[in-house]
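**Q** Give the three-dimensional model of this entry:
(2 chains)
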2 protein chains.
Amino acid sequence: MDISKLCEKDLTDWLRDRSQSFPSSIIQHIGDDCAVFDPPLKSNLAITTDMLLEDVHFRRHWISPYFLGRKSLLVNLSDLAAVGARPYACLLGLALPADLPPNYFHSFMKGLLEEGARWNTPLIGGDLSQSASIFVSVTTWGFFETGRPVWRSQAQDGDTLVLIGEIGLSRLGLEILRREGSSELWKIDNEASLAQWAGENFRYRCLKAHFLPQALVQVGSWLSENQVANAMIDISDGLSSDLLQIVQQSNLTAEIDLDHLPLPEGSIGEVNSLEAALNGGEDYALLFTASQKQMERLSSTFPSEFPPYRVIGHLSRGEPSVYLKRGGQRESCEAGGFDHFRS
Amino acid sequence: MDISKLCEKDLTDWLRDRSQSFPSSIIQHIGDDCAVFDPPLKSNLAITTDMLLEDVHFRRHWISPYFLGRKSLLVNLSDLAAVGARPYACLLGLALPADLPPNYFHSFMKGLLEEGARWNTPLIGGDLSQSASIFVSVTTWGFFETGRPVWRSQAQDGDTLVLIGEIGLSRLGLEILRREGSSELWKIDNEASLAQWAGENFRYRCLKAHFLPQALVQVGSWLSENQVANAMIDISDGLSSDLLQIVQQSNLTAEIDLDHLPLPEGSIGEVNSLEAALNGGEDYALLFTASQKQMERLSSTFPSEFPPYRVIGHLSRGEPSVYLKRGGQRESCEAGGFDHFRS
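**A** This is a model prediction of the structure:
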């Protein structure tokens, strides 16, 4: 396929030849004006859309199209995880410049479809266009098998603040790219080559967190189905910003106990581990709040195959702000307001 | 709001203050990681996504943000109409350059929300970003009240080919823009000013068809619910291309009777009315096929408030191609292959 003549029909023709696994409830997936499906009975549906734009969210030469395809779906799945939904299917809007090599489209699609297969999220429709810069828009939706949606706004006075997944690494990975990003990265489409390029394990983990974010889909739906979370959000903008969403919408005060916050084990350049953990963004860890009873249930039933959960603070009545505590000291966490604790 | 600092929260904050009318089945519309809704019981859902990109689908200075917002939803609704679905809700991905005037966002959103209100399609979520050029991605979905989806692939041997809505005008409107497009158009956000700019009624109708496409939503769902169409498509790429979709997917031959094809009553520059009608695109008319029995039911029950339907040809067994007929002559309609009939 010549990338300079992309049109929607190329996407449908190309997809028609790919083997994806569809649930029988998907009635029409490609090749018509709409995709049509029979929604899971008695379940609410959760739907979300996210864009990845060249030179805003990524640099063309610093990420392979295969990794970009995977990431495009993963960041969307994280939004489903954050309300506790199980993914069902996705749509893709993709615009590509004519000066890309012809296999760019195929590598991107390979990455997206592989992640789709991994998470039972087939691609069932989309739109394709030419453009001056790379534009990706993914819409995913999902359902609630037995659970209910978990909102940002339902945190309760006295709730414990719990984190699952790693924070800070992605921001440090970005810092590696800013300092050393080169077009060699464009060709890196497997984890072994990435590890080799990174040189040491910590740097590899930072880059991997940035390119291939964790999507804690099973964790999110487990938390919803076991009703052990009052409020939840995925950390896309950074722990401090996303926690602020919970406290503002729930009208509570949050305190993060820095002695218990899991930090990356190193820094990259000027970005230290605490700054990356608090304000980094693109972590896609899950942050949730749980009552004492929910914490008891969590500790007795939490599946051992999930990443560990960590208590990092608590919520209480008060103005909707985020505070940081270390030892006896307590400090307001404004945007960039944690200088006091910076080592 | 400063357009140079757009983020998703601006969209949610701004939307929160707008009054939209939501059906009670919408459980969460904005401000969380996903929108959540309770899908209409016993109905399949149809979902579609379309992009509008600056310098690919439109020029920034030739269309007002208000018209662009309206058009962004209308082209999506047309896809729902083409399968016979009634619209339910939509999501918006919007990326805007920092150098736009601050009210660009508000005018765009005003247009989108007004169309949403007109078609019972509230905006229930989205993503917002900065970018180098304007990028719009809308996802809409809908349901089938009593009807079933109408596919492109179900046309039958002997079916009549029926058109509802006007074709060719939008292509002529584009030609006016190509010849006379100026930044005056950026400020035109109502039909009276557009009529004044156009100068004469035919030119006004061409421009209006281009800026504010017909979305034959009620017609499409009526055709589905009354089971009077075997196959259907909306004309977005041009009559000849879209009809080719039907004949290829249904494995039939189509013949368009040029003596009965409704043509625009004039030409603009080099683009004559026949070329605009056959290959123009962006018409968003509905093209469907109906058996003799369906035609009888159509003629006795077709609502008088709808735009008239016109028989423009028929389908028969044969290789999947499109032919043009005028008087006794018959000619294959390749891409651009209708020169013979050009006056």
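**Q** Which residues belonging to stretch A:239-252 are considered buried?
**A** Neighbour counts over stretch A:239-252 (16 or more other CB atoms under 10 Å in any protein chain shown) mark A:239-250, A:252 as buried. C-beta: built from backbone N, CA, C; applies to glycine.
**Q** What strands flank the helix or strand encompassing A:Ser137, and is each parallel or antiparallel?
**A** Secondary-structure element containing A:Ser137, defined by DSSP states H and E: strand A:135-143. Strand A:135-143 has these partner strands in its sheet, going by DSSP bridges: strand A:45-53 (antiparallel), strand A:86-96 (antiparallel).
**Q** I'd like the ones you listed as a markdown table, with mean pLDDT appended.
**A** Putting the strands paired with strand A:135-143 into a markdown table (pLDDT from 0 to 100) gives the following:
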| stretch | mean pLDDT |
| --- | --- |
| strand A:45-53 | 96 |
| strand A:86-96 | 96 |
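**Q** ok so, going back, centre of the chain versus the strand holding A:Ser137, how much separation?
**A** Mean C-alpha position of strand A:135-143 versus that of the full chain (CA atoms, centre = their mean, to the nearest Å) differs by 12 Å.
**Q** Rounded mean pLDDT for it, please.
**A** Averaged over strand A:135-143, pLDDT sits at 97.
**Q** which stretch of helix or strand covers A:Leu15?
**A** Using DSSP H and E, the element containing A:Leu15 is helix A:8-16.
**Q** Give the pairing partners of the helix or strand just after that helix; include direction for each.
**A** The C-terminal neighbour of helix A:8-16 among helices and strands, as given by DSSP H and E, is strand A:26-28. Within its sheet, and counting by DSSP bridges, strand A:26-28 is paired with strand A:35-37 (antiparallel).
**Q** Residues in contact with the partner strand: which ones?
**A** Contacts of strand A:35-37 with the rest of the structure, by CB atoms under 8 Å, 6 or more residues apart in numbering or on different chains, involve A:25-29, A:88-89, A:91, A:124-125, B:44-48, B:83, B:85, B:149.
**Q** How far off centre is it?
**A** Using CA atoms, centre = their mean, we find the averaged C-alpha position of strand A:35-37 to lie 26 Å away from the chain's own average C-alpha position.
**Q** For it, the averaged confidence score.
**A** The average of the pLDDT scores along strand A:35-37 is 93.
**Q** Distance from the chain centre to stretch A:299-310, please.
**A** Stretch A:299-310 has its average C-alpha position 20 Å from the chain's average C-alpha position, going by CA atoms, centre = their mean.
**Q** Name the residues of that stretch that are buried.
**A** The neighbour-count criterion (16+ other CB under 10 Å) identifies A:302, A:309 as the buried residues of stretch A:299-310.
**Q** and that stretch, how far apart are its ends?
**A** 11 Å (CA to CA, to the nearest Å).
**Q** Same question for stretch A:203-217.
**A** Using CA to CA, the span of stretch A:203-217 from its first residue to its last is 25 Å.
**Q** same question for it, mean pLDDT?
**A** When pLDDT is averaged over stretch A:203-217, the result is 97.
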